[in-house]
Every structure is written in C-alpha cells, then in structure tokens.
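Enquirer: Build me a structure from this.
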Amino acid sequence: VLTDVTLLSGYVQDVCGEVSGVWPSGSVYDVLCDIEVPEGDTLTIESGVNVRFTEGTQMVCNGVLQVLGESGDRVTFTSREASPLPGDWGHVSLYAQGNTISHLDYEFATDGFTGDNVSFTTIDNVVMVGNLSLSANGIYLTNSSDLTLTNNTITVAGEYGIYSSDSPNLMVDGNDVSGASNGLYFGNSSDLTITNNTISVMGDYGIYSPDSPNSVVDNNDISGFRQYGLRVNNSDSILVNNNSITSIIEGAECWNMSIDNSNSSGSVFTNNTIYMSQPDGQVFGINTQDAIIESNTITVLSWACNYCCSDNSYSIQADRSMINENIINTDLTACCSSNKYAVISHGSEDITSIISNNIIHSGYNDYNNNSYGIQASYADLQNNIIDTRGESISIGSYSSVIFNTITSNSTAINASNISSLTITNNTITSNSTAI
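Expert: Have a look, this model is predicted:
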C-alpha cells in the first residue's frame with residue numbers, strides 16, 4: 001500500500017495497489033500491478049510525470065484524480081514494455097466527482113477513459129492518437145453532469161470518440177475526433193454546449209444526442225458519416241448554427257441525413273453549410289418542424305436508382321416553420337414513382353409555414369427532370385428564386401404564392417383541386433405549363 005507518496009523530482013518509483021498524494025514534476029512511476037485511488041482520497045500528478053504501465057495493469061480511481069500537465073510539460077500514461085504495442089495495458093476508470101485531467105498523452109492502452117458519476121470533471125488537452133487497441137473508445141462516461149471536455153485530440157478505432165449519456169450541462173469544445181465508428185454521443189442530456197469540434201467518423205453518425213433539449217451546436221465540422229451528421233431528435237429548442245456538415249458516399253447506401261430534429265419544436269438552424277452526395281438511395285438535408293431555418297447553404301445530390309427503391313428525398317422538410325434566405329442546390333432522382341423536393345413544408349390551420357427569399361436550384365447537375373422545387377400547403381411563398389428541371393411548386397390549399405421568380409423545365413406551379421389560394425405578382429418562365 002502506497003499512500004501520500006511525495007518524491008523529489010526525477011525519481012523512478014515502482015507503484016502497486018492503493019495510491020494517493022502527490023507525484024511530483026519530472027518523476028517516473030512504473031505501475032507493476034493494478035493501482036487504485038481509494039474513495040475519499042486524491043492523487044495529484046504534476047507536470048512532466050511519466051506513468052508507465054506494465055502489461056495488463058490498469059488504474060481505478062474511486063477517489064479524485066488530478067493530472068496537472070502543462071502545455072510545454074505534459075504528463076504521459078504509456079506502456080512499460082520495451083517494444084510497446086496497442087493494448088499493452090488496461091485503461092483508466094473514474095468513479096469520483098471533480099477530477100481534472102489536463103495536458104496528458106495517453107498511449108498503448110486497451111481503452112480510453114471510462115467512468116460513471118463523475119460530475120464536475122474536466123478533461124482537457126488529452127491526446128490519444130492511433131496507438132490504442134482497435135476496439136478502444138476515447139472517452140466513455142455515464143450519469144455525469146457539468147462535464148468539461150475541451151481541446152482533446154482523439155483518434156481511435158472503436159465505436160465512440162466521446163460518449164456521455166445521461167449527462168446534462170456538458171461543455172464539449174475544441175475537440176478533434178476521428179477514426180471511430182461514431183463521433184459524439186450524449187443521449188438524454190439537456191443543456192449541452194457542443195462547439196468548435198472537428199469530427200470525422202467511419203460509421204453511422206457524427207453527433208447523436210436524442211432527448212437533449214435546450215442545447216447549442218455551433219461551429220462544428222462534421223464529415224464521414226453514413227447515416228446522420230447531427231441527430232438531435234426528441235429535442236426542443238436546439239440552436240444549430242455555423243456548422244459544416246459533409247457526407248460524400250461513393251458506394252451504394254440506402255439513405256443518409258444531415259440533420260434530424262424530428263419530434264421536436266422551437267429549434268433554430270442558421271448559417272450551416274451542408275453538402276450531401278451519394279450515387280443511390282435517399283438523401284436528406286434538415287428534418288424538423290415548428291422551427292426557424294434561415295441563411296443555410298444546402299447541397300443534396302443523388303443520381304441513380306440501381307440499389308435502393310426510395311421514398312421522397314429533400315433538402316429541407318419542416319412543417320409549420322419559417323424557411324427564409326437559404327441557398328439550396330439539389331439533384332434528386334425519382335425512384336419508384338417518388339418525387340424529390342428541395343423544400344417540403346405543410347402548415348396547419350393555426351400555424352402557417354413561411355417560405356421566403358430562398359434561392360433554389362433543383363436539377364442542379366441536370367441529371368433528370370424529377371428534381372422538384374417546393375411542396376407546401378397552409379403556406380406563404382414569397383420572394384423566392386426557383387429554378388428547376390422538374391416541377392417548381394406544388395401548392396396546397398390555404399396558401400399564397402407572391403412575388404416569386406420561377407424558371408421551370410416542367411410545370412411551374414401545380415395548383416390543381418385546391419381551395420383558398422392566392423397566386424399573384426410572380427415572374428414565370430416555363431417550357432411546359434406555367435400554372
């Protein structure tokens with residue numbers, strides 16, 4: 001048992017069993033068997049310390065862990081083996097609140113950080129890049145509020161870069177996450193701040209945070225996903241601003257979606273740049289309702305029907321919403337008698353959709369005449385510029401189409417069998433039927 005160990009700087013110390021106290025700057029600690037910070041105790045590791053784990057050993061922190069590296073004098077957790085390999089030692093488990101882990105290089109472990117009930121913990125400037133086991137996650141925590149996860153560089157090949165379920169009030173900022181199947185997961189976690197992260201994944205999603213209302217997702221760069229770029233379904237009042245979301249799939253994939261905010265209300269989407277491209281199947285931009293969608297640039301492309309027979313695709317689907325000042329480029333092949341729209345929005349007797357001042361090019365790469373413009377009802381369409389190879393507007397009852405500029409290779413405005421409709425002061429050029 002080693003308790004309250006304080007050594008002079010530069011010493012090499014073998015450790016095994018219970019540990020606490022201070023490990024001073026510049027020292028080396030060789031872990032010969034599993035070590036544990038006991039509940040109620042604290043282990044403080046100062047800058048420049050090198051902790052070397054013997055094969056198969058691990059660290060369990062039932063007490064508080066303080067890793068106090070500095071930008072120019074980092075702490076290292078690594079293998080003690082002469083020829084280190086991924087997975088040489090176990091990993092670090094956290095089970096106390098209020099940990100601080102800063103400026104740490106984390107190498108050759110079986111897994112990243114795991115833990116439960118570690119509220120008010122900070123993990124900052126940790127680097128784990130390319131030398132953990134192939135099944136390793138980066139950070140995997142549960143039931144932990146008020147976490148601060150910032151400026152970490154995580155390249156792992158496991159399922160998650162960062163995972164923290166049931167963890168409200170998180171700050172997740174400035175992380176670079178790559179290589180994992182999925183980037184960030186924060187399910188059932190309200191009041192999140194997810195900002196300035198770069199996320200490049202190899203699997204299903206970039207950020208997945210269902211049941212997480214009142215959260216902010218701002219200025220993230222998300223790429224590589226095959227299903228969802230950002231999924232925040234069942235989450236009211238989400239602010240999604242200034243993000244770059246890109247998915248370019250070269251092989252067949254039945255569907256993928258940039259942003260899913262389904263079964264939610266009161267969200268705002270502004271100044272996002274979305275680029276979605278795949279050769280086959282369904283492609284979706286933003287899916288929400290009762291929202292504001294403004295000043296986004298959205299490109300959605302799918303051009304073949306060889307693999308997946310699909311229903312409607314779209315750039316924006318948002319019922320009872322304000323859809324204003326977006327730039328939308330689409331090329332969406334119709335398969336199985338389905339039509340593909342740039343914008344789909346249906347209001348209600350109580351809430352009218354407003355679709356105004358958008359620039360829409362549908363049939364962007366001239367692959368087909370099945371890329372349509374806007375499908376709407378209980379909606380006001382005003383001051384839009386719409387240029388389509390297929391139908392420009394399919395309008396339903398209790399709507400108005402006013403002061404739009406419409407160019408169509410097909411029907412410009414389809415308004416058959418409806419009532420309570422105003423169409424006036426539009427500029428229409430059509431190679432087929434104007435109205």
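
Enquirer: and the residue nearest the centre of the chain, which of the three is it?
Expert: Compute the mean C-alpha point of the chain, and by CA atoms, centre = their mean the closest residue is I207, 2.3 Å away. Using DSSP: H, G, I helix; E, B strand; the rest coil as the criterion, the local structure at I207 reads strand.

Enquirer: In contact with I123, which residues?
Expert: Residues counted as contacts of I123 (CB atoms under 8 Å, 6 or more residues apart in numbering) are N99, I101, S102, F113, I139, L147, T148, L149, T150, N152. Every C-beta, even on glycine, is put in place using the N, C-alpha and C of the backbone.

Enquirer: residues near the last one, how many?
Expert: Here the neighbour count serves as a burial measure; for N152 (other CB atoms under 10 Å) it reads 27.

Enquirer: how about it, what does it touch?
Expert: N152 makes contact with I123, D124, N125, V126, V127, M128, G138, I139, I162, N175, D176, V177, according to CB under 8 Å, 6+ apart.

Enquirer: Tell me if I'm right that F225 and S200 touch.
Expert: No. Contact criterion CB atoms under 8 Å: F225 and S200 do not qualify, at 9.1 Å.

Enquirer: Overlap in contacts, these two.
Expert: Between them, F225 and S200 share the neighbouring residues G183, with contact defined by CB under 8 Å, 6+ apart.

Enquirer: and these two? which has more neighbours close in?
Expert: F225 (30 against 19).

Enquirer: Need the three-state assignment for that one.
Expert: On the three-state scheme (three-state DSSP), F225 is labelled coil.

Enquirer: Do you know the pLDDT at the residue nearest to it when sequence neighbours are not counted?
Expert: With CB to CB, 6 or more residues apart in numbering as the measure, G206 is the residue that lies nearest to F225, at 4.8 Å, once sequence neighbours are left out. The predicted local confidence for G206 comes out at a pLDDT of 97.

Enquirer: The one 4 residues further on too?
Expert: The predicted local distance difference test score for P210 is 96.

Enquirer: Can you get me a residue count around it?
Expert: Neighbour count for P210, taken as other CB under 10 Å: 19.

Enquirer: Over to L134?
Expert: For L134, the neighbour count with other CB under 10 Å is 10.

Enquirer: Just confirm it contacts G179, I think it does.
Expert: No. At 10.0 Å, L134 does not count as touching G179 under the criterion of CB under 8 Å.

Enquirer: Overlap in contacts, those two.
Expert: With CB under 8 Å, 6+ apart, L134 and G179 have common neighbours A157.

Enquirer: which regions of this structure sit below the pLDDT cut-off?
Expert: Flagging of the chain using pLDDT under 70 yields the residue ranges 1-10, 251-254, 280-281, 303-312, 333-339, 364-369.

Enquirer: and the longest strand for it?
Expert: Determined from DSSP state E, the single longest strand within the chain is strand 28-37.

Enquirer: picking that back up, show me the beta-bridge partners of the residue nearest to the centre of the chain.
Expert: Note on I207: beta-bridge partners by DSSP bridges are L184, L230.

Enquirer: tell me the contacts of the residue nearest to G347 when sequence neighbours are not counted?
Expert: Distances taken as CB to CB, 6+ apart place Y378 nearest to G347, at 3.2 Å, with adjacent residues excluded. Taking CB under 8 Å, 6+ apart, we find Y378 in contact with H346, G347, S348, E349, I351, T352, S353, G396, S397, Y398, S399.

Enquirer: and with 6 Å instead?
Expert: The neighbours of Y378, taking CB atoms under 6 Å, 6 or more residues apart in numbering as the test, are G347, S348, T352, Y398.

Enquirer: hang on, isn't the first one packed against I354?
Expert: So that's G347. No. G347 lies out of contact with I354 (CB atoms under 6 Å); the separation is 8.5 Å.

Enquirer: out of the contacts of I123, which are inside strands?
Expert: Per DSSP E, strands hold the following members of the contacts of I123: I101, S102, F113, I139, T148, L149, T150.

Enquirer: Columns secondary structure and distance to P168 on top of the contacts of N152, output as TSV?
Expert: Compiled in TSV, those are given as follows (DSSP: H, G, I helix; E, B strand; the rest coil; distance: CB to CB, whole Å):
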residue	secondary structure	distance to P168
I123	strand	17
D124	strand	20
N125	strand	24
V126	strand	22
V127	strand	27
M128	strand	25
G138	coil	21
I139	strand	17
I162	strand	16
N175	coil	19
D176	strand	24
V177	strand	21
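
Enquirer: I'd like those written out as TSV, with distance to R389 added.
Expert: Shown next, in TSV, are the contacts of N152 (distance: CB to CB, whole Å):
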residue	distance to R389
I123	50
D124	51
N125	51
V126	50
V127	49
M128	49
G138	45
I139	47
I162	42
N175	42
D176	40
V177	39
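
Enquirer: ok, of these, which one's closest to W255?
Expert: V177 (23.7 Å; CB to CB).

Enquirer: Pull up the distance across stretch 87-104, start to finish.
Expert: Stretch 87-104 has its terminal residues 18 Å apart, counting by CA to CA, to the nearest Å.

Enquirer: Please apply the same query to stretch 183-201.
Expert: One end of stretch 183-201 sits 6 Å from the other (CA to CA).

Enquirer: Please apply the same query to stretch 285-296.
Expert: Rule used - CA to CA; the end-to-end distance of stretch 285-296 is 11 Å.

Enquirer: Then stretch 155-165?
Expert: Counting by CA to CA, you get 20 Å between the two ends of stretch 155-165.

Enquirer: residues making contact with it?
Expert: Residues from elsewhere that reach stretch 155-165, judged by CB under 6 Å, 6+ apart: 129-130, 132, 134-142, 154, 177-187.

Enquirer: which of the residues you listed are buried?
Expert: Buried members of these, counted by 16 or more other CB atoms under 10 Å: 132, 136-141, 154, 177-187.

Enquirer: about what we covered before: of G347 and I354, give the one with the bigger neighbour count.
Expert: When neighbours are counted by other CB under 10 Å, G347 comes out ahead of the other of G347 and I354, with 21 against 18.
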